[in-house]
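Enquirer: sequence plus the predicted model coming up.
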Amino acid sequence: MSVSDLFDLLILALLITCVLGIARVRDLATAVTLFAIYSFVLCLLWAHRGAPDVAMTEAAVGAGITAVLFFTAIAKIGRREK
Amino acid sequence: MSAAAHGLALVVLVPIVGGALIPALFRRFPTAAWGFALASSALTLAISISLIRRLLAEGPFSYAAGGWPPPYGVALHFDRFGAAIAVFSMITLLVLIFSRRYIPAVVPIARIPLYYALVMINLGGMNGFLVTGDLFNLFVFMEVFSVSAYALVAMARGPQAGLAAIKYLLLGAVSSLLVLFAIGLIFAQTGTLNMADAAGRLDAAASIVPTALALGALTIGFMVKAALFPLHVWLPDAHASAPAPVSALLSAVVVKAGVIGIIRTLQTFSDHGSLQLMPLQSLLIWLGAIAVLWGAVAALVQSDLKRLLAYSTVTNIGYIFIGLGIGSATAASGAAVHIINHAVIKAALFLAAGALIHQSGLRHIDDLRGLGERMPLSALALGVALLAVAGVPPTAGFVGKWQIGLGALETGRPLLMGVVIVGGLLVLTYGVRIINTLFFRPPLHVRVVTSREAPPSMLAAILLLAASSFLLGLAGKPMLDFVAPAILPLTDTG
Amino acid sequence: MNVLLTHVDYIAAVAIFLVGLYILLVKQNLLKKILGLNIMETAVFAFIVTAGMTDNGVPPLLGPDAVGPFASPLPHALVLTGIVVAVSITALALALIVRVKRECGSVELNELGKVE
Amino acid sequence: MRKFLALVLIAALGAVLIAAVVNLPEPGTTDSPVHTHVSAGYIKGGHEAGGADNLVTAVLLNYRAIDTFGEVTVIFTALIAVLAATSLAGPTERSGTQNIDLKTTRVPVSPVVSFVVRLMAPFIATFALFVMLKGHELPGGGFQGGVVLGAMLILLALFSGRTDKTDDEELPPGLRNWIRAAGPLVFGALGLTGLVFSGWLFSLPDHPFWREMVMIGLELGIGIGGAAVLVGLFRALREG
């Protein structure tokens, strides 16, 4: 088990923690923040997998634009999930 | 490579570029967007007709987009199922003609170009979906026509439309995702995205489980797009609340993409062993039979005319899937012909209903009493199309249903023949009820008395489609002959 | 057990996909559903990128001093396309949700069902 | 109840999915079909065939250009979809509470943040342009640069402290509509030039110089068009 493998496993565990967190939290703004973190971690994984192009796009889209779009929508519909 | 094969890429390029130009070109002259959209869809239709002429002369042919031979580039492929693009372009053209007077009445003037752009992009996506021979390209064009379809539903006013559109979007996006996942599974095993190449290489792949999962995911994904019975839940809301020309386009054309997607999946991967593992045929028959009866009964109890027509789409999709599931050449060719005939009939139904609803401002069937006297041509067209959708001989709806019924008898399934007949009778029941309401009952609502016949552009589209839904029945034999060579690989699955 | 270790990336993608599906099925808030959909999409992307990777993780950049084995470029191109499609769908969905909130007063699907 | 059913479904589906994925070829090994079939052809054809050192760019702009055409169409469609679908409510329903909503979406910005964002903006823009223009040699390309540029513009709109309009509003609306459609239109033009120069729709010219020029043109079209669409989506969502 090399360092690289351990890095992978750590990242995968982090990703799953993030999505479980998204499933649990009731506050939409927190959920979206978690999603942005999740996207960013995913982008680390992809950079490590030899996919720099995908990583760059995921960082800008997933952690940036998608999150901003979600926040804009939340500002209009309220952040509480019932 | 003669000139005609370039048409295979042009049927995608022309409508999409045309659609992309519309918002920029017609910002200042919104209503003029109509003419431009009409011209580019007419050009698309002309190109697709030239493709069919070549098909008849030389048989199926391919085009390597970008000049890269498959599997390195994207191969476009034209066969007898692809020939549906001509019918779909024709229907889009007629829907556009109908839209000329209808759309300005329901859409704010500044947004009219957006409507035409969406319709054109939808056509381009459909064409791309139907002619591509590449799995990922299929997904991309599926997204093109799906996104434009969600938006077209949402163009209607009112709370219902927004809600219907978001439901449609949720289910549609999940089904697209299933298709993408299936593509990933196939790619991980074969290293290729070309359909024919992937089908050939799947046999060499180590395991049958991922392949079966991939084919299952593709089938379920396309079933959602086709609105087959338990996955049809999005359809009645979406098709009932959309503007009438959009309902016509969605019910006539867009759901058929899902059907043709399934046919392509079956055709391409039918040689593969894992397909026999799945009881796919009996599944299709069962779901189809339930869809026929469920759709017909649900339509019977509707009071809203457009909602009734939406349920009639559920019924007819059921017929098509029964035909595909039976697995005899007779039934399969019946199903293939019914794809086209139902497209024409359903476009006629929704446009005629749209004209009646638009001119009178009423949409409940009981309120429409006596409207036949005020709007004779539209009402007559609706009547003819209703008889056609019930499958009364010699209309267009009869050909496909008759062949499907025959196929059921041939393969020793008399009960299924019963389902086909009962479904037809149920549809006839509500058809006759509506015709009776329109023509033979005295007006109840004051608006009916003041209604006037639809303007010529709307009438032209309606009458042409209604006439076709009658006349295509007489052309049943040549149409069956046309699809016959294409459905052979389907029935070989046994 | 060995298979589970070598395919751990695939299995993690499946796990993420399932959590996304759970959110989509169970949560009644439309925005949360879209978030679930996005998670499912990224899981499929992760699956496709994994299919094309190599152990040493060299990106498919051909240069004078580049040595393979390179990761397969095809999945990367597919995922790039997929990401842009996903953000398009998300934007449209969010716009529709805002409209539903404005017109129906709620974004909880179970409450919207009662309104109708 | 719903939760329980969902969990049962997910457990069953999970079992099927895991059974399927463990039967796939082991990821990372170089002798799996993913690496030996089409990809191997791309790598063997190399720079000369694909026209770019970055094979991802070669796949996007050359081998599978029609996919990319579909894709720029999807994002353009999403923008006109959002514009068409959301603003139908009319002025009566949008007055009143709507204005309050509009204010809440503006983040109260501290002068420091605003300063930093404005300071960084030119650098991010330069980086985005670099990513677009060099996408055929280095990691990056039209989309990648476009989304970075789009993110930068949205960041500016959010944090620059200005509340009146986004930067893209300073463009005349006619020009803005053309820029938003740049992706599909540039590809449409490429489709036709390909037919003229090499006899196939969606193909690049054979001559290396012209091929590079066409690629750069495409990257810019995709990138700037994509950025304009993303900013448009953000604006429509904020104001719709």
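Expert: Cool, the structure landed.
Enquirer: give me the number of residues near residue 79?
Expert: All of this refers to chain A. For residue A:79, the neighbour count with other C-beta atoms under 10 Å in any protein chain shown is 15. The C-beta positions use only the backbone N, C-alpha and C, and glycine is treated the same way.
Enquirer: wait, I meant chain C there
Expert: 28.
Enquirer: that one contacts residue C:43, doesn't it?
Expert: No - contact criterion C-beta atoms under 8 Å: residue C:79 and residue C:43 do not qualify, at 11.7 Å.
Enquirer: so the residue of chain C positioned farthest from its centre: helix, strand or coil?
Expert: Outermost residue of chain C with respect to the C-alpha centroid, by C-alpha atoms, centre = their mean, is residue C:64; its distance is 35.1 Å. What DSSP: H, G, I helix; E, B strand; the rest coil gives for residue C:64 is coil.
Enquirer: now do the buried residues in stretch B:229-248.
Expert: B:229, B:231-232, B:234-248 (16 or more other C-beta atoms under 10 Å in any protein chain shown).
Enquirer: which ones among these map onto helices?
Expert: B:235, B:236, B:237, B:238, B:239, B:240, B:241, B:244, B:245, B:246, B:247, B:248 (DSSP state H).
Enquirer: can you show me the helices along the stretch 101-250 of chain B?
Expert: Ranges of helices within the stretch 101-250 of chain B are B:112-131, B:135-154, B:159-190, B:195-202, B:208-226, B:235-241, B:244-249, based on DSSP state H, counting those that start in this stretch.
Enquirer: make JSON lines from the ones you listed and add mean pLDDT and distance to chain C to it.
Expert: Supplementary listing: the helices of the stretch 101-250 of chain B in JSON lines, determined by pLDDT from 0 to 100; distance: least, C-beta to the nearest C-beta, whole Å:
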{"stretch": "helix B:112-131", "mean pLDDT": "93", "distance to chain C": "12"}
{"stretch": "helix B:135-154", "mean pLDDT": "93", "distance to chain C": "5"}
{"stretch": "helix B:159-190", "mean pLDDT": "92", "distance to chain C": "4"}
{"stretch": "helix B:195-202", "mean pLDDT": "83", "distance to chain C": "13"}
{"stretch": "helix B:208-226", "mean pLDDT": "89", "distance to chain C": "10"}
{"stretch": "helix B:235-241", "mean pLDDT": "89", "distance to chain C": "9"}
{"stretch": "helix B:244-249", "mean pLDDT": "93", "distance to chain C": "15"}
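Enquirer: and chain A, which of those is closest to it?
Expert: Ranking the helices of the stretch 101-250 of chain B by proximity to chain A (C-beta to the nearest C-beta) places helix B:159-190 first, at 12.1 Å.
Enquirer: give the burial count for residue B:450, as a bare number.
Expert: 12.
Enquirer: element containing the residue lying closest to residue D:142 once chain neighbours are set aside, please.
Expert: In space, and not counting its chain neighbours, residue D:142 is closest to residue D:222: 3.1 Å by C-beta to C-beta, 6 or more residues apart in numbering or on different chains. Under the criterion DSSP states H and E, the helix or strand holding residue D:222 is helix D:208-239.
Enquirer: quick one: buried residues of that helix?
Expert: Neighbour counts over helix D:208-239 (16+ other C-beta under 10 Å) mark D:211-212, D:214-216, D:218-238 as buried.
Enquirer: cool, and stretch D:40-52?
Expert: Quick answer for stretch D:40-52 (16+ other C-beta under 10 Å): D:40, D:41, D:42, D:43, D:45, D:47, D:49, D:50, D:51, D:52.
Enquirer: helix/strand/coil for the fourth one?
Expert: Taking three-state DSSP as the rule, one finds residue D:43 in the helix state.
Enquirer: these two touch, right, it and residue D:55?
Expert: Yes - using C-beta under 8 Å, residue D:43 makes contact with residue D:55 at a distance of 6.8 Å.
Enquirer: pull up the overlap in contacts between the two.
Expert: Shared contacts of residue D:43 and residue D:55 (C-beta atoms under 8 Å, 6 or more residues apart in numbering or on different chains): C:60, C:62, C:70, C:73.
Enquirer: which of those has the most neighbours?
Expert: Going by other C-beta under 10 Å, residue C:60 tops the shared contacts of residue D:43 and residue D:55 with 32 neighbours.
Enquirer: does stretch B:216-234 reach chain D?
Expert: No - Stretch B:216-234 lies out of reach of chain D by C-beta under 8 Å from any C-beta of the partner chain, never closer than 8.7 Å.
Enquirer: let's see the distance spanning that stretch from one end to the other.
Expert: Taking C-alpha to C-alpha, to the nearest Å, the first and last residues of stretch B:216-234 lie 21 Å apart.
Enquirer: what residues are up against residue 11?
Expert: All of this refers to chain A. The contact partners of residue A:11, taken as C-beta under 8 Å, 6+ apart, are A:41, A:44, A:45, A:48.
Enquirer: could you do chain C instead?
Expert: Contacts for residue C:11 (C-beta under 8 Å, 6+ apart) come out as C:4, D:18, D:21, D:22.
Enquirer: ok, now with 10 Å
Expert: A:12, C:3, C:4, C:5, D:14, D:17, D:18, D:21, D:22 (C-beta atoms under 10 Å, 6 or more residues apart in numbering or on different chains).
Enquirer: dump the residue contacts of residue A:9.
Expert: Neighbour list for residue A:9: A:1, C:5, C:8, C:9, C:12 [criterion: C-beta under 10 Å, 6+ apart].
Enquirer: residues near the fourth one, how many?
Expert: By the measure other C-beta under 10 Å, the count of residues near residue C:9 is 22.
Enquirer: ok, for residue C:74, nearest residue in space, not its chain neighbours?
Expert: The spatial neighbour of residue C:74 that comes closest, neighbours along the chain excluded (C-beta to C-beta, 6+ apart), is residue D:39 at 5.5 Å.
Enquirer: hmm, back to that, restrict the contacts of residue C:11 to those near chain B?
Expert: D:17, D:21, D:22 (C-beta under 10 Å from any C-beta of the partner chain).
Enquirer: residue 41: what's it in contact with?
Expert: Using chain A here. Residue A:41 neighbours (C-beta under 10 Å, 6+ apart): A:10, A:11, A:12, A:14, A:15, A:17, A:18, A:63.
Enquirer: my bad, chain B
Expert: Shown in contact with residue B:41 (C-beta under 10 Å, 6+ apart): B:14-15, B:18-19, B:89-97, B:116, B:119-120, B:123-124.
Enquirer: these also near chain A: which ones?
Expert: Applying C-beta under 10 Å from any C-beta to the contacts of residue B:41, none is adjacent to chain A.
Enquirer: okay, and which of those map to strands?
Expert: Under the assignment DSSP state E, the contacts of residue B:41 contribute nothing to strands.
Enquirer: residue 48: what's it in contact with?
Expert: With no chain named, the answer covers chain A. Contacts of residue A:48 (C-beta under 10 Å, 6+ apart): A:4, A:7, A:8, A:11, A:55, C:53, C:57.
Enquirer: can you look at chain C instead?
Expert: Applying C-beta under 10 Å, 6+ apart to residue C:48 gives the contacts A:54, B:136, B:180-181, B:183-185, B:187-188, C:13, C:74-76, C:78-79, C:82.
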